[in-house]
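Novice: Whatever this is, show me its structure:
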Amino acid sequence: MLSLAGAAQAADPIMPLSEVQPGMVCTARSVTHGTAISSFDAEVLDVIADDPAAGGARLLVRVSGPAIDATGVGPGFSGSPILCDGRYAGAISEGIGDYGNKVLLATPIEAILGARPTAAASARRAPALLRAARPLTAPLTVSGLSSRTRRLLSRAAAKVDRTVLAAPPGPLAGYPVQDPVPGAAVAASLSTGDISVGAVGTVAYRDGDQVFSRVLAGTMPRGGAAEDRARVAELVGSAKDQEEHRYAVESLVRALEPHVTGLQAPAEPGVLELSNVSHLVTDVTARLDDSSHVLDLLAALHPTAAVGGTPREAALRTIAELEGMHRGRYAGATGWVDAAGDGEWGLALRCAQVSGRSARLFAGCGIVGASDPDTEVLEAQAKFVPVRDALEGS
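Specialist: Next up is the predicted model:
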């Protein structure tokens, strides 16, 4: 998976939690009326240790200043960024009822940025969840969008039979379209019949030109609970799977390096457990260092060693000679891209080609010198399971 976000600007600088100290007088930003972003003082009273039972680490903060004295912290302040020495240290999460709504808790910026969308991705791959899901029929109400964005949103919604109520920004006179910078107000609402549900908040951070790529290579079929632990240990300790994974990571890093700075790739892979298999996984992050579009990065990356072998040119020639089949769309790139050059792309590895009442399923394995043919066949069979289950349940 490759994702690129906010290619038009650099990321906002952050202050690690380890540098935040009681007594620091920082600055918070939020919208207190209209659309103008106001600033006010935010004094750090305490840094509360990381406690999973309490939802993680928190900052205890007291706010003051003309912009906040009359109102205190109320609904809509959630997400309001706190800057210490010009760096983003956290964002307001909740007020404390006493103290005139001037004392509050804030979430450290590291905790906010550390929440990767792995859970949502897993949910999208769960056949049982997908079968149980029902499409929303209530209209989606939006405002504050440019006319071009409203048209694009309405066009996309029409493809899935959703109604979009695109109101002009602001009240009758209208507000100008707002740039979602830290401190800007944001809101979302869902209307159904006579009931409207909404939420308001504040932009906490803008991520900038981040590149994120996840490498999956090295696979073990799953078993029962007790067997799983042994299989994961076997996967982690497998020289063959570690070699296969290393080739994939190295090919990705080589392809990205000319375009990025600050590239980070863990020295050792982790393990991603899916419903049918476990994979060795490495998450690679970097910052875009040139004007590359996400499709430029995709062209440089694809095919990686995971699906095209390494060295790339020699491996592709060998695959063409020996594989004995046409892959069609299998192992091709699929994803989205927007007008800003941002996007997210992945490889079509768990897939099927459907023709009438027939479906042709695809699965493959990475072959290295230590590969065992019988083991690779079992791995490929395990990879068929999610698509087969989806087809049999439909």
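
Novice: hey, let's count contacts and neighbours off CA atoms from now on
Specialist: Fine.

Novice: where does the chain have low pLDDT?
Specialist: 1-12, 51-55, 97-100, 114-139, 141-146, 148-149, 166-180, 186-201, 205-208, 394 (pLDDT under 70).

Novice: can you map out the helices along it?
Specialist: Counting by DSSP state H, one finds helices in the chain at the ranges 66-69, 109-113, 118-124, 127-132, 147-159, 225-236, 239-256, 294-301, 305-308, 312-322, 373-393.

Novice: Packed most tightly, which of the ones you listed would that be?
Specialist: Sort these by mean neighbour count, taking mean count of other Cα atoms under 10 Å, and helix 305-308 sits at the top with a mean of 23.

Novice: just checking, what packs against that one?
Specialist: Where contact means 3 or more Cα pairs under 8 Å, 6 or more residues apart in numbering; DSSP states H and E, helix 305-308 is packed against helix 239-256, helix 312-322.

Novice: please redo it, this time with the cut-off set to 6 Å
Specialist: Contacts defined by 3 or more Cα pairs under 6 Å, 6 or more residues apart in numbering; DSSP states H and E place helix 305-308 against helix 239-256.

Novice: Tabulate the CA atom coordinates of the helix it packs on in CSV.
Specialist: In CSV, the C-alpha atoms belonging to helix 239-256 read as follows (Å, rounded to 0.1, in the frame of the first residue of the first chain):
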residue,chain,number,x,y,z
ALA,A,239,15.2,-17.3,7.3
LYS,A,240,13.4,-17.9,4.0
ASP,A,241,10.4,-15.6,4.9
GLN,A,242,12.8,-12.9,6.3
GLU,A,243,14.8,-13.0,3.1
GLU,A,244,11.7,-12.7,1.0
HIS,A,245,10.5,-9.7,3.1
ARG,A,246,13.9,-8.0,3.0
TYR,A,247,14.0,-8.1,-0.8
ALA,A,248,10.5,-6.4,-0.9
VAL,A,249,11.5,-3.7,1.6
GLU,A,250,14.9,-3.0,-0.1
SER,A,251,13.2,-2.6,-3.5
LEU,A,252,10.7,-0.2,-2.1
VAL,A,253,13.3,1.9,-0.3
ARG,A,254,15.5,2.1,-3.5
ALA,A,255,12.5,3.2,-5.5
LEU,A,256,11.4,5.9,-3.0
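
Novice: That helix to helix 312-322, inter-axis angle?
Specialist: Orientation check (axes from the mean of the first three to the mean of the last three Cα atoms, to 10 degrees): helix 239-256 against helix 312-322 gives 120 degrees.

Novice: Show me the contact partners of helix 239-256.
Specialist: When contacts are defined by Cα atoms under 6 Å, 6 or more residues apart in numbering, helix 239-256 is touched by residues Ala217, Gly218, Ala300, Leu301, Ala305, Ala306, Ala370.

Novice: what's the burial count for Val203?
Specialist: Neighbour count for Val203, taken as other Cα atoms under 10 Å: 21.

Novice: so what's Gly364 up against?
Specialist: The contact partners of Gly364, taken as Cα under 6 Å, 6+ apart, are Ala380.

Novice: That one and Pro221: what is the separation?
Specialist: Note on Gly364: its distance to Pro221, by Cα to Cα, to the nearest Å, is 14 Å.

Novice: Which residue comes closest to Ala305 once chain neighbours are left out?
Specialist: Counting by Cα to Cα, 6 or more residues apart in numbering, Ala248 is the residue found nearest to Ala305 once chain neighbours are left out, at 4.7 Å.

Novice: May I see the helices of the chain organised as TSV, with distance to His33 added?
Specialist: Formatted as TSV, the helices of the chain follow (distance: least, Cα to Cα, whole Å):
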stretch	distance to His33
helix 66-69	9
helix 109-113	25
helix 118-124	34
helix 127-132	42
helix 147-159	24
helix 225-236	54
helix 239-256	44
helix 294-301	38
helix 305-308	53
helix 312-322	57
helix 373-393	50
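
Novice: Start from the N-terminal end of the stretch 1-150 of the chain and give the strands.
Specialist: Listed in chain order, the strands found in the stretch 1-150 of the chain under DSSP state E, counting those that start in this stretch are 2-5, 25-31, 37-48, 58-64, 81-84, 87-95, 103-108, 140-143.

Novice: Dump those strands into TSV; add mean neighbour count and distance to Arg162 as well.
Specialist: Output for those, formatted as TSV (neighbours: other Cα atoms under 10 Å; distance: least, Cα to Cα, whole Å):
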stretch	mean neighbour count	distance to Arg162
strand 2-5	22	26
strand 25-31	23	31
strand 37-48	19	33
strand 58-64	22	39
strand 81-84	26	33
strand 87-95	24	32
strand 103-108	24	35
strand 140-143	17	8
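
Novice: So for Glu344, which of the ones you listed sits nearest?
Specialist: Shortest distance between Glu344 and these, using Cα to Cα, is found for strand 2-5: 4.1 Å.

Novice: residue contacts, Val103?
Specialist: Applying Cα under 6 Å, 6+ apart, we find Val103 in contact with Val61, Arg62, Ile96.

Novice: and Pro182, which of the strands of the stretch 1-150 of the chain is closest to it?
Specialist: Across the strands of the stretch 1-150 of the chain, Pro182 has its closest neighbour in strand 81-84 (6.4 Å, Cα to Cα).

Novice: Direction included, what does the closest one pair against?
Specialist: Sheet pairing for strand 81-84, assigned by DSSP bridges, gives strand 25-31 (antiparallel), strand 87-95 (antiparallel).

Novice: Put the alpha carbons of it into CSV.
Specialist: Extracted in CSV, the C-alpha atoms of strand 81-84 (Å, rounded to 0.1, in the frame of the first residue of the first chain):
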residue,chain,number,x,y,z
PRO,A,81,-4.1,22.7,18.7
ILE,A,82,-1.7,23.7,21.4
LEU,A,83,1.7,25.1,20.2
CYS,A,84,4.7,25.3,22.5
